[in-house]
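Peer 1: Quick check, what structure comes out for this input:
(2 chains)
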Amino acid sequence: DVKVTQSSRYLVKRTGEKVFLECVQDMDHENMFWYRQDPGLGLRLIYFSYDVKMKEKGDIPEGYSVSREKKERFSLILESASTNQTSMYLCASSSSWGEGYTFGSGTRLTVV
Amino acid sequence: GQQLNQSPQSMFIQEGEDVSMNCTSSSIFNTWLWYKQDPGEGPVLLIALYKAGELTSNGRLTAQFGITRKDSFLNISASIPSDVGIYFCAGNYGGSQGNLIFGKGTKLSVKP
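Peer 2: All right, here's what the predicted structure looks like:
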């Protein structure tokens, strides 16, 4: 089974902290994605990557950055966490464009 | 950018009822996918459709790729309590760098 693992299910951080959300996939997928999910807004794409060291902005990249040093790992970084970044964060991967994504279980981040 | 209109936004089910939901787009899509998200988990792929007119089943779930290639439908027959969750449609039209576009979801709840 394809597996996408997100390092934390729940996180509570303070305003201004630097936050790292880690995601690892075990199926040698080229493409990886970070979404945030908020009630009524659906899934919104933050960043994606189609290769090691490559990254592309999604629809809402402001306040976030990403890192992909190894093919299997895609990290989302909140440089200075703010309360409006309280959300559910979902990582996903896929083998090729247009194919279905496999999602992780999500990280529910609360910034206080 | 491209958006998918998914309806209804929410619905209540009673055990044994049939359920229908749909997604429409303004562009022609090459792929339609349906996901289900259980509370506190990431979305899981239910059905993938790749050809106009295609009708595919997965147990009590049936999905269709609309003939116009601008819509898709998901039906759930004889619903059971574990069907509750959020159902997302997603599609690929060749734009957005090949990324999937997601609907905002249909939330299925049990009638009190």
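Peer 1: C-alpha only now, for contacts and for neighbours.
Peer 2: OK.
Peer 1: Could you list everything the residue nearest the centre of chain A pairs with in the sheet?
Peer 2: When chain A is reduced to its mean C-alpha position, the nearest residue by CA atoms, centre = their mean turns out to be A:Trp34, at 3.0 Å. Beta-bridge partners of A:Trp34, counted by DSSP bridges, are A:Tyr47, A:Cys91.
Peer 1: what's the spacing between it and chain B?
Peer 2: Distance check for A:Trp34 against chain B: by CA to the nearest CA, to the nearest Å, it reads 12 Å.
Peer 1: so that residue makes contact with A:Leu90?
Peer 2: Yes - here A:Trp34 reaches A:Leu90: they are 5.9 Å apart, a contact under CA atoms under 8 Å.
Peer 1: sorry, back to before: show me what contacts the residue nearest to the centre of chain A?
Peer 2: With contacts defined as CA atoms under 8 Å, 6 or more residues apart in numbering or on different chains, the neighbours of A:Trp34 are A:Leu45, A:Ile46, A:Tyr47, A:Phe48, A:Leu76, A:Tyr89, A:Leu90, A:Cys91, A:Ala92.
Peer 1: ok, 6 Å please
Peer 2: The neighbours of A:Trp34, taking CA atoms under 6 Å, 6 or more residues apart in numbering or on different chains as the test, are A:Ile46, A:Tyr47, A:Leu90, A:Cys91.
Peer 1: swap in A:Tyr47?
Peer 2: For A:Tyr47, the residues meeting the contact criterion (CA under 6 Å, 6+ apart) are A:Trp34, A:Glu56, A:Lys57, A:Gly58.
Peer 1: what does A:Ser65 give?
Peer 2: Contact analysis of A:Ser65 by CA under 6 Å, 6+ apart lists A:Ile77.
Peer 1: what helix or strand is it on?
Peer 2: Using DSSP states H and E, the secondary-structure element containing A:Ser65 is strand A:64-70.
Peer 1: Please export the C-alpha coordinates of that strand as PDB.
Peer 2: In PDB, the C-alpha atoms belonging to strand A:64-70 read as follows (Å, rounded to 0.1, in the frame of the first residue of the first chain):
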ATOM      1  CA  TYR A  64       4.900  29.400   4.100                       C
ATOM      2  CA  SER A  65       8.000  27.900   2.500                       C
ATOM      3  CA  VAL A  66       8.900  24.300   1.600                       C
ATOM      4  CA  SER A  67      11.900  22.100   1.300                       C
ATOM      5  CA  ARG A  68      12.500  18.900  -0.700                       C
ATOM      6  CA  GLU A  69      16.000  17.700  -0.200                       C
ATOM      7  CA  LYS A  70      15.100  14.000  -0.700                       C
END
